[in-house]
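Asks: For reference, the sequence and a predicted model appear below.
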Amino acid sequence: MAKKVELALKVGDVAPEFAVPATDGQVVRLSALRGKHVILYFYPKDDTPGCTKEACAFRDAYAKFQKKGAVVLGASTDPVKAHVKFTEKFSLPFPLLADEKKELVQAYGVWGEKVFMGRKYLGTFRVTFHIDPEGRIAHIWPEVKPEEHAAEVLAAI
């Protein structure tokens, strides 16, 4: 079961602006997406079991997100090169943001201490934000079940 994360950002807050390199070689800017619903999902690491299930669930529902006028963006601290391999391996139709400098994860408050098998380390929490067309946070999912999450997000738009 996913661990609940305490976030500084709340529903109704203005979403922090970002400009982050993506898999397609472009820099994705939140300000350029104004007027659209933006689904920004953070995940720990490319090509790991939970992250793959979550990415593939968003992939499988991608046409439905597009019909609702939503942009889907995955984000982790992995480099572009790793994102490209992950995208190609699983035919992901949406960009993955490469937050190597950890500016995005820190701005959204999803970077922090995690524990795995008794070992503490810093990493990205699995959290999703729905940013409305005006640039405000409409929904936050601080607890995510990777297989079911895309359908849950789609239902909320």
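Replies: Right, received. Where do you want to start?

Asks: mind listing the strands for this structure?
Replies: Secondary structure of the chain (DSSP state E): strands located at 19-21, 27-29, 37-42, 70-76, 96-98, 111-116, 119-124, 128-131, 137-141.

Asks: what's the helix or strand of the chain with the lowest mean pLDDT packed up against?
Replies: Using mean pLDDT, DSSP states H and E, strand 111-116 stands out as the lowest-scoring helix or strand of the chain, at a mean of 84. If you count contacts as 3 or more CB pairs under 8 Å, 6 or more residues apart in numbering; DSSP states H and E, strand 111-116 packs onto strand 119-124. C-beta coordinates here come from the backbone N, C-alpha and C atoms, glycine included.

Asks: ok, residues contacting the strand it packs on?
Replies: Under the contact criterion CB atoms under 8 Å, 6 or more residues apart in numbering, strand 119-124 has outside partners 42-45, 76-77, 105, 110-115.

Asks: Name the residues of it that come out as buried.
Replies: 123, 124 (16 or more other CB atoms under 10 Å).

Asks: Given that strand, what are its sheet partners and their directions?
Replies: Here strand 119-124 has these sheet partners by DSSP bridges: strand 111-116 (antiparallel).

Asks: can I get the CA coordinates of the partner strand in PDB?
Replies: In PDB, the C-alpha atoms belonging to strand 111-116 read as follows (Å, rounded to 0.1, in the frame of the first residue of the first chain):
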ATOM      1  CA  TRP A 111      11.000  14.600  -2.800                       C
ATOM      2  CA  GLY A 112      11.900  13.300   0.600                       C
ATOM      3  CA  GLU A 113      13.100  10.500   2.900                       C
ATOM      4  CA  LYS A 114      11.800   7.000   2.000                       C
ATOM      5  CA  VAL A 115      12.400   3.700   3.600                       C
ATOM      6  CA  PHE A 116      12.900   0.400   1.700                       C
END
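
Asks: That one: which residues count as buried?
Replies: For strand 111-116, the neighbour count (16+ other CB under 10 Å) marks residue 111 as buried.

Asks: Next, the angle from it to strand 37-42.
Replies: Inter-element angle recorded for strand 111-116 and strand 37-42: 50 degrees (by axes from the mean of the first three to the mean of the last three CA atoms, to 10 degrees).
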